[in-house]
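In: sequence and predicted model, in that order:
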Amino acid sequence: MKVTERTIKFLGRTLCGDNGLLPRKSGPQLVDFFVEYGADDIYEQGFPSRWKYTEDKIREFNNTPTLKKIIEGSVDPRDFIESDIELDKSIEKINEYLKYDGFEIKPVGNYNRITDSKGLLVEPETVTGLSHDFIKEQIEKCHRKIDEGDFNGAITNARSLAEAVMIEIIEEHEGKEIKNDGKLENLYKQVKKILNLSIDPSILPPTVIQILSGLDSISSGLAGLSNNSGDRHANKFKTRKHHARLAVNATMTFVDFLLDSRKYQSEKT
C-alpha cells in the first residue's frame with residue numbers, strides 16, 4: 001500500500017491522536033504500537049515529538065503491505081469500546097484523504113479493512129495457500145488497471161504481489177512472521193536460499209543460468225520501477241502502457257516460477 005506525502009502528514013497527526021480522530025497515544029504506547037508491526041524502536045531520552053515519530057514510521061512503512069496493517073490496526077473497533085470518539089465519523093474523515101490515493105476503509109465482518117477500487121488489497125495474510133489461480137487473479141487485476149489507464153497503480157499492485165508471495169514463502173519456511181524492510185531484493189535473497197536457487201555452473205547449462213539471472217533483474221527492476229512510478233519519488237520518465245504491461249507480465253513469470261520451485265522443493269523433501 002502506498003499513499004502520498006500529504007496523506008502521510010495527516011496520518012501522522014491522526015494515529016498519535018493529536019487531531020482527536022483517534023485515541024491519544026503516549027510516546028511509549030506509540031513505540032509499542034509500531035513494534036507490533038515490525039518496527040525495532042525503544043522509547044528513551046531524545047525521543048522525537050509524538051506526531052513526528054508517527055509520521056516518520058508511516059513514511060518508513062509506506063509502499064509496503066505493512067502500512068495497510070498499521071492503518072487497519074489503528075481503527076480496531078475494540079479500542080473504541082470505552083472511548084467517547086465515534087469511530088464511524090473518524091473513519092469517514094480518514095477516508096477523505098485515502099480516497100485521493102485510491103483507498104478506502106470499509107467494514108468487513110467485525111473489523112475495518114482497507115480496500116482499493118477492485119476490492120481487498122493483496123497482503124501476506126491473503127496469500128496463504130498460494131496457487132497459480134490466485135496469482136492469475138491478481139495479475140488480471142493489474143491488467144484491468146492498465147486497461148483503465150492506471151499504469152502506476154498496476155505496477156504498484158504487481159510489486160505488492162511479488163512482495164506478498166515472497167513473504168509467504170519465507171514465513172512458511174521459518175514458521176513465524178518476519179520483519180519486512182520493504183526491499184524486494186532482500187526478500188529475494190532469502191527466497192533463493194530457501195528454494196535452493198543458487199546458480200551452479202557444474203549442474204545447470206548456460207542457457208538456464210541466463211534465465212535464472214534474469215530473475216534477479218526482475219526483482220531489482222520491479223522495485224526500482226515501482227519507486228519511480230510513485231509519489232514519493234520524482235518521476236524520471238512518464239510511465240507508458242507498455243512499461244506497465246512489461247512489469248506485470250514479468251511479475252507473473254517471476255512469482256509463477258517461485259511457486260513451482262516451492263512445490264518442487266517440497267516434493268523433493
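Out: Yep, it's here. Numbers count the residues shown, from 1 in each chain.
In: which non-adjacent residue is nearest N110?
Out: What sits nearest to N110 in space, not counting adjacent residues and going by C-beta to C-beta, 6 or more residues apart in numbering, is P77, at 6.7 Å. Where you see a C-beta, it was placed from the backbone N, CA and C, and this is true even at glycine.
In: which residues in the stretch 1-150 of the chain form helices?
Out: Ranges of helices in the stretch 1-150 of the chain, per DSSP state H, counting those that start in this stretch, are 5-15, 27-35, 50-61, 65-74, 87-98, 132-147.
In: could I get the very next helix or strand once past the last one in CSV with only the CA atoms?
Out: Taking DSSP states H and E as the definition, the helix or strand that follows helix 132-147 towards the C-terminus is helix 151-174. The C-alpha atoms that make up helix 151-174 are tabulated as CSV, following Å, rounded to 0.1, in the frame of the first residue of the first chain:
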residue,chain,number,x,y,z
PHE,A,151,-0.3,2.4,-15.2
ASN,A,152,1.4,3.4,-11.9
GLY,A,153,-1.3,1.5,-10.0
ALA,A,154,-0.8,-1.6,-12.0
ILE,A,155,3.0,-1.5,-11.3
THR,A,156,2.4,-1.0,-7.6
ASN,A,157,0.0,-3.9,-7.4
ALA,A,158,2.5,-6.1,-9.3
ARG,A,159,5.2,-5.2,-6.8
SER,A,160,2.8,-5.9,-3.9
LEU,A,161,2.1,-9.3,-5.3
ALA,A,162,5.8,-10.2,-5.7
GLU,A,163,6.4,-9.0,-2.1
ALA,A,164,3.4,-10.9,-0.7
VAL,A,165,4.4,-14.1,-2.4
MET,A,166,8.0,-14.0,-1.2
ILE,A,167,6.9,-13.1,2.4
GLU,A,168,4.5,-16.1,2.4
ILE,A,169,7.3,-18.4,1.3
ILE,A,170,9.7,-17.1,3.9
GLU,A,171,7.2,-17.2,6.7
GLU,A,172,6.1,-20.7,5.8
HIS,A,173,9.7,-21.8,5.9
GLU,A,174,10.5,-20.1,9.2
